[in-house]
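Engineer: One predicted model, sequence on top.
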Amino acid sequence: MANVHSLKTPRSSSDQSSWKRDDAVINITDLRLRTYIGFNPEELSKQQDVVINCELAYRADQACSTDDETTALNYKTITKQIIRHVEEGRFRLLEKLAEDLLQFLMDNDMATRAKVMVDKPHALRFADSVSVTLSAHRQ
């Protein structure tokens, strides 16, 4: 067992003058939900699987330096909004669903950029899935 005191400690923040931290990127991977998606008669009456992947960037300088969760972007809250919206919604197009989810991501003031990909498994006979990807960034 390693001695805790013998572990190497990071350099002080003053040593960071030669580099700048990029935005932190949070990835929500393979969120599997069911919703009404499509416009064919069978799609209007039966929920289908969708797989959602989100990427959300934000300035995490304060969170990195303080180790305080109140200074970090709360991805749990955003994920709960996404789940509720998808499971309670009805969508004709993947594009509309992706746009709604992108809006949830960018509604967070901490977000600097976001990307969302919505997959509809088995939408085509010979393909694993069809997906739509949308992204946005702050100006």
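Structural biologist: Alright, I've got the coordinates.

Engineer: Could you use CA atoms for every contact and neighbour count after this?
Structural biologist: Noted.

Engineer: Spatially nearest residue to Leu73 (excluding sequence neighbours)?
Structural biologist: Closest residue in space to Leu73, ignoring its immediate chain neighbours: Met110 at 6.7 Å, by C-alpha to C-alpha, 6 or more residues apart in numbering.

Engineer: so what's the one you found up against?
Structural biologist: Contact analysis of Met110 by C-alpha atoms under 8 Å, 6 or more residues apart in numbering lists Tyr58, Arg59, Leu73.

Engineer: Show me what Glu55 is bridged to.
Structural biologist: Asn27, Lys115 (DSSP bridges).

Engineer: That one and Asp23 touch, don't they?
Structural biologist: No. With contacts defined as C-alpha atoms under 8 Å, Glu55 does not count as touching Asp23, sitting 11.7 Å away.

Engineer: Contacts only, for Asp109.
Structural biologist: No contacts exist for Asp109 under C-alpha under 8 Å, 6+ apart.

Engineer: What is the three-state secondary structure of it?
Structural biologist: coil (DSSP: H, G, I helix; E, B strand; the rest coil).

Engineer: how far away is it from Leu56?
Structural biologist: Counting by C-alpha to C-alpha, to the nearest Å, the gap from Asp109 to Leu56 is 12 Å.

Engineer: all helices for the chain, in order.
Structural biologist: 41-45, 61-66, 75-88, 94-107 (DSSP state H).

Engineer: Leaving out sequence neighbours, find the closest residue to the residue most central in space within the chain.
Structural biologist: Central residue of the chain (C-alpha atoms, centre = their mean): Cys54, 2.7 Å from the mean position. Leaving aside its sequence neighbours, Cys54 sits nearest to Val116 (C-alpha to C-alpha, 6+ apart; 4.4 Å).

Engineer: wait, the one you found sits on Glu55?
Structural biologist: Yes. Using C-alpha under 8 Å, Val116 is in contact with Glu55, at 6.4 Å.

Engineer: I figured Leu134 hits Leu97, correct?
Structural biologist: No. Counting by C-alpha under 8 Å, Leu134 sits too far from Leu97 to count as a contact (10.2 Å).

Engineer: buried ones in stretch 68-75?
Structural biologist: Across stretch 68-75, burial judged by 16 or more other C-alpha atoms under 10 Å covers Ala72, Leu73.
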